[in-house]
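Chemist: Provided below are the primary sequence and the corresponding predicted coordinates.
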Amino acid sequence: MKNRTFLALLLYSVVSVAFAAPVAKKCAEPVEPPKGFTALFNGKDLTGWWGCGTEDPRKWMALSPEELKKKREASLEDLRQHWRVENGELINDGKGLYATTEKNFRDYELLIDYKTVPKADSGIYLKGIPQVQIWDYTKEGGKWDRGAQFGSGGLWNNSPGAPGKNPRVRADKPFGQWNHFRIIQCGARTWVWLNGKLVVENAILENYFGRPKPKAPPPAATDPIVPIPPEGPIQLQTHGGEIRWRNIFIREIPPAEANRLLRGKDPAGFESVFNGKDLKGWAGATDCCEVKDGAIVWREKKGGTIYTQQQYTNFVVRLEFKVPPGGNNGLAIRYPGQGDAAYGAMCELQVLDDNYEANRSKLTGKPVTIDPRQAHGSAYGMVPAARGYQRPIGEWNYQEVTVKDSTIRVELNGTVILDCDLSKVTEFMGNRPHPGKDRASGHFGFAGHSDPVSFRNIAIKHLK
């Protein structure tokens, strides 16, 4: 996937004046956030923050409200010991728990300044996941064996060789000077600017806590992947040396803007397969759909599969979709042009309301349950996808699907929720075989199940 470009670094000015504060004789007046941003740090105290270390955020997010409150309150004494505020700066002595926002964030733009000392290192955890790295980049710092010579800003906990692990350029300022980060994260996709230079471009932040444990058996072909959480806090790491932070501002990115950022401009090779006006170029049960406001909209109480007249072997498809409460549809992958896509095609990739059980139960008045291999993004009946990454009902979702040989990868709203090899699947939902799973080519289509699900901006690229 080619890199995407974005607007230049947002500039903002810092104006400081003196005023009385309880922790110092004089303290700088808090800086006004840039337009559209809010301040995470008020310049006076740690209101809005608690203390947490390198912990899987899913574990403490699963606590009851009462248990989480106790955990947060118990952390405050540690914060008081190792964190202080002076002159509008949030200062850590290099020890203790990490300053962690009480609020969790999904898609956002973060602005933050930092200044550290020789031989220290630190970082910024995004959604509770390590980390945007901060180094002593000098040889004297003693960490060139770990990549410090490349400079700060990389996603250091990504796998060796993974995009974003090392920054594209070294952009650190000399010790004693303030550095400025601008970070954008949509799903797991991450962009980092350090001192105005793009050091990480459109890289996926891997889940440090989702890796297989040492000496543990390898995951089975049908095990779901574990991406970073859909939302989580910002954490300021403490790591052996004093670090100062200031001007910490955040802007939550709305869904429509996040979709535009994730898609960027379709690079060379992508061809639109839907003109936004009619179903020219499509075949199958076309009477099941209508074209409305530039989207293919399924008719209620109509089922069947529509598919492209063109066939594909290996390909990437980009599209946007929107589901109603309890909505159900699917992407027909390498469809033969007839029969049930879930079994006769390579697979049907589910398009399903992420809260299907609850919403469908309300619609039918009866309890509804599904197999994990029926959840959104799953290779139906074969491999389950990670859940919880859809946007709220009524919002458009952006999805990319990559089909190469026997593998399928689904990225939803910037997070990879399925990455599997169907040739290794031997267990099927209901013990019903999928004779089409080894198909090498076929049509791309939509498998409707009588719900008004919508699709638009559909583009496909052939792969070798």
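Modeler: Sure thing, it's come through.
Chemist: Residues in a beta bridge with the residue nearest to T38 when sequence neighbours are not counted, which ones?
Modeler: Ranked by Cβ to Cβ, 6 or more residues apart in numbering and with sequence neighbours excluded, the top spatial neighbour of T38 is I250, at 6.1 Å. The way it works is simple: take the backbone N, C-alpha and C, and place the C-beta from them, glycine included. Applying DSSP bridges to I250 gives these bridge partners: T38, L110.
Chemist: and I250, how many residues sit next to it?
Modeler: 21 (other Cβ atoms under 10 Å).
Chemist: ok, now I333?
Modeler: 28.
Chemist: Now it. Its backbone dihedrals?
Modeler: The phi and psi values for I333, taken as degrees, to the nearest 10, are phi -110, psi 120.
Chemist: Excluding sequence neighbours, find me the nearest residue to it.
Modeler: Excluding its sequence neighbours, the residue lying closest to I333 (Cβ to Cβ, 6+ apart) is M346, at 4.6 Å.
Chemist: Would you confirm that the one you found contacts R439?
Modeler: Yes. At 4.7 Å, M346 counts as touching R439 under the criterion of Cβ atoms under 8 Å.
Chemist: Doesn't P324 belong to a strand?
Modeler: No. Counting by DSSP: H, G, I helix; E, B strand; the rest coil, P324 falls outside a strand, being coil.
Chemist: all strands in the stretch 51-200 of the chain, in order from the N-terminus.
Modeler: 83-86, 89-92, 98-101, 108-116, 122-126, 129-134, 179-186, 189-194, 197-204 (DSSP state E, counting those that start in this stretch).
Chemist: what angle sits between the fifth one and strand 179-186?
Modeler: Right, the one you point to is strand 122-126. If you take axes from the mean of the first three to the mean of the last three Cα atoms, to 10 degrees, strand 122-126 sits at 20 degrees to strand 179-186.
Chemist: Strand 122-126: which residues count as buried?
Modeler: Residues of strand 122-126 classed as buried: 122-126 (neighbour count, 16 or more other Cβ atoms under 10 Å).
Chemist: pretty sure I225 is touching V383, no?
Modeler: No. The criterion here is Cβ under 8 Å, and I225 misses it with V383 at 9.5 Å.
Chemist: Grab the nearest non-local neighbour of the most centrally placed residue in the chain.
Modeler: Centroid-nearest residue in the chain: G187, 1.7 Å away (criterion: Cα atoms, centre = their mean). Residue nearest to G187 in three dimensions, not counting chain neighbours: G414, with 2.3 Å by Cβ to Cβ, 6+ apart.
Chemist: same thing with L68?
Modeler: L68 sits nearest to W60 (Cβ to Cβ, 6+ apart), 6.4 Å away.
Chemist: again, but for H82
Modeler: Of all residues beyond its chain neighbours, the one nearest H82 is G96 (3.2 Å), with distances taken as Cβ to Cβ, 6+ apart.
Chemist: backbone phi and psi for the residue nearest to the centre of the chain, please?
Modeler: Main-chain torsions, G187, degrees, to the nearest 10: phi 60, psi -130.
Chemist: What of L262?
Modeler: The phi/psi pair for L262 (degrees, to the nearest 10) is phi -70, psi -40.
Chemist: thought it was touching N413?
Modeler: Yes. Applying Cβ under 8 Å, one finds L262 in contact with N413, separated by 7.0 Å.
Chemist: Counting neighbours around each, name which of these two comes out higher.
Modeler: Using other Cβ under 10 Å, the more surrounded residue of L262 and N413 is N413, with 25 against 21.
Chemist: how close does that one get to R58?
Modeler: N413 sits 18 Å away from R58, going by Cβ to Cβ, to the nearest Å.
Chemist: repeat for Y114
Modeler: 27 Å.
Chemist: Any idea how many residues pack against C420?
Modeler: 24.
Chemist: Give me the domain ranges for the protein.
Modeler: Residue ranges for the domains of the chain, per automatic domain parsing: 18-253, 268-463.
Chemist: comparing these, which gets the lowest mean pLDDT score?
Modeler: Per-stretch mean pLDDT for the domains of the chain is lowest at domain 18-253 (a mean of 92).
Chemist: The helix or strand containing I248 - contacts with which helices or strands?
Modeler: Using DSSP states H and E, I248 sits within strand 243-252. Of the remaining helices and strands, those touching strand 243-252 by 3 or more Cβ pairs under 8 Å, 6 or more residues apart in numbering; DSSP states H and E are strand 38-39, strand 89-92, strand 108-116, strand 234-236.
Chemist: Would you mind saying which of these lies nearest G269?
Modeler: Closest approach to G269 among these (Cβ to Cβ): strand 108-116, 29.5 Å.
Chemist: which residues sit against that closest one?
Modeler: By Cβ atoms under 8 Å, 6 or more residues apart in numbering, the list of residues contacting strand 108-116 from outside reads 10, 12, 34, 37, 122, 124, 134, 136, 175-185, 234, 241-253.
Chemist: How about the contacts made by the residue nearest to P57 when sequence neighbours are not counted?
Modeler: Using Cβ to Cβ, 6+ apart and skipping residues adjacent in sequence, the residue nearest P57 is G128, 3.1 Å away. The neighbourhood of G128, defined by Cβ under 8 Å, 6+ apart, consists of 52, 55-57, 100, 229, 232-233, 235.
Chemist: Pull out the buried residues from these.
Modeler: 52, 56-57, 100, 229, 232-233, 235.
Chemist: In JSON lines: the residues you listed, plus distance to A342.
Modeler: Shown next, in JSON lines, are those (distance: Cβ to Cβ, whole Å):
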{"residue": "C52", "distance to A342": "43"}
{"residue": "D56", "distance to A342": "34"}
{"residue": "P57", "distance to A342": "35"}
{"residue": "T100", "distance to A342": "43"}
{"residue": "P229", "distance to A342": "30"}
{"residue": "G232", "distance to A342": "34"}
{"residue": "P233", "distance to A342": "39"}
{"residue": "Q235", "distance to A342": "42"}
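Chemist: coming back round to it: what's the most buried one of the helices and strands packed on strand 243-252?
Modeler: Of those, the one with the most neighbours on average (mean count of other Cβ atoms under 10 Å) is strand 234-236, at a mean of 25.
Chemist: So in that sheet, which strands flank it, and in what orientation?
Modeler: strand 98-101 (antiparallel), strand 122-126 (antiparallel).
Chemist: Give me the distance between the last one and the centre of its chain.
Modeler: How far strand 122-126 lies from its chain's middle: 16 Å, per Cα atoms, centre = their mean, to the nearest Å.
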